[in-house]
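Trainee: this one's sequence-less:
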């Protein structure tokens, strides 16, 4: 079985469903997470999540060692632009792995190996195109792929020397570089990416409109139950991406929750829940406006005006 390591760097306070994220990592026993953080809270990490305590200025110094120009890594979120360089910066940690990658922490994983089979890992050098989850084959030519200069695509030096966020880990960097370099790349809609502008569960690239649905995590696997054309269907996913959603934790004992549900704004347990049309509509109510998204949009526009 090909060995996979996912690198996650996070500074500050963990989100309120960090334990659920950890539990979903733990169920993927054959995959390793290399977790770098300054948070020393009393957290019981699973065996496959290897914690390395480090300060932000130490991470910046580590990255600077690999570049002969001054990098602009002055705040943690900027690390997203530097993710494509993880393969060379953390090469000492990755020597025994066939693939390395990066992922977000606003995810709940299902059964990763059920989707990323040995056949797929043997045929492709790059897996998925998104910043919330990407894998790269651990070979020098692919680890240095981000340095490739492509006309019309942001150069890594431009992204690394600017305080501006470029999205270099996906749509404005690594993804078009891989595409135009003819790298063998696997992409399929095997994950549930929630539309952040909707006040209900709406999956990007899958839902054409409002769909009554709910997600369930059970013993390491992730499913959605959704109503379509008069029937309730079940679909399995590799993970769900809860981008910029404030989620309530209506689960009393996380470690004991072998099964729980994911609604648009909450995690909950309900042994009596039955996935029928009325119950799905009740969980995933249609909202014309999503106040949290409107506030975020307003903040972004104010920030842009202030910068100008």
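Mentor: Everything's here; your move. Everything numeric here is computed off the predicted structure, so don't read it as measured data.
Trainee: wait, residue 63 touches residue 72, no?
Mentor: No: because the distance of 10.7 Å does not satisfy C-beta atoms under 8 Å, residue 63 is recorded as not touching residue 72. Every C-beta, even on glycine, is put in place using the N, C-alpha and C of the backbone.
Trainee: more neighbours: which of the two?
Mentor: Neighbours around residue 63 and residue 72, counted as other C-beta atoms under 10 Å, are more numerous at residue 63. The numbers are 19 against 15.
Trainee: if I look at the more buried one, how far off is residue 127?
Mentor: When C-beta to C-beta, to the nearest Å is applied, the distance between residue 63 and residue 127 equals 24 Å.
Trainee: what does residue 301 give?
Mentor: In this structure, residue 301 and residue 127 are separated by 35 Å, where distance is defined by C-beta to C-beta.
Trainee: so for the two, which sits in the more crowded spot?
Mentor: Set residue 301 next to residue 127 and count neighbours by other C-beta under 10 Å: residue 127 wins out with 22 against 10.
Trainee: which ones are touching the more buried one?
Mentor: For residue 127, the contacting residues are 99, 101, 116, 120-121, 134-136, 185-186, by C-beta atoms under 8 Å, 6 or more residues apart in numbering.
Trainee: residue 306 in helix, strand or coil?
Mentor: helix (DSSP: H, G, I helix; E, B strand; the rest coil).
Trainee: I'd like to know how many residues surround it.
Mentor: By the criterion of other C-beta under 10 Å, residue 306 has 7 neighbours.
Trainee: same deal with residue 93?
Mentor: Around residue 93 sit 17 other residues, with neighbours defined as other C-beta under 10 Å.
Trainee: again, but for residue 205
Mentor: Other residues within reach of residue 205, judged by other C-beta under 10 Å, total 9.
Trainee: roughly how far apart are the closest residue to it other than its chain neighbours and residue 248?
Mentor: When the adjacent residues along the chain are set aside, residue 205 lies closest to residue 189, with 5.2 Å between them (C-beta to C-beta, 6 or more residues apart in numbering). Remark: distance between residue 189 and residue 248 (C-beta to C-beta) = 27 Å.
Trainee: swap in residue 65?
Mentor: Distance, residue 65 to residue 248, by C-beta to C-beta: 42 Å.
Trainee: who has more neighbours, those two?
Mentor: Between residue 65 and residue 248, counting by other C-beta under 10 Å, residue 248 is the more crowded of the two (12 against 7).
Trainee: quick one: contacts for that one?
Mentor: Residue 248 sits next to 265-267 when contact means C-beta under 8 Å, 6+ apart.
Trainee: so which of these wins on neighbours?
Mentor: Across these, neighbour numbers were computed from other C-beta under 10 Å; residue 267 holds the maximum, 22 neighbours.
Trainee: pLDDT averaged over the helix or strand harbouring it - what is it?
Mentor: Under DSSP states H and E, the secondary-structure element containing residue 267 is strand 266-268. Throughout strand 266-268, pLDDT has a mean value of 96.
Trainee: helix or strand right after that strand?
Mentor: The next secondary structure element downstream of strand 266-268 (using DSSP H and E) turns out to be helix 277-283.
Trainee: what residues sit buried inside that following helix?
Mentor: For helix 277-283, burial by neighbour count (16 or more other C-beta atoms under 10 Å) applies to 279-280, 283.
Trainee: name the nearest of the residues you listed relative to residue 226.
Mentor: When the buried residues of helix 277-283 are compared for distance to residue 226, the smallest value, 7.1 Å, is given by residue 280; criterion: C-beta to C-beta.
Trainee: dump the residue contacts of the closest one.
Mentor: By C-beta under 8 Å, 6+ apart, the contact set of residue 280 is 212-214, 225-227, 232.
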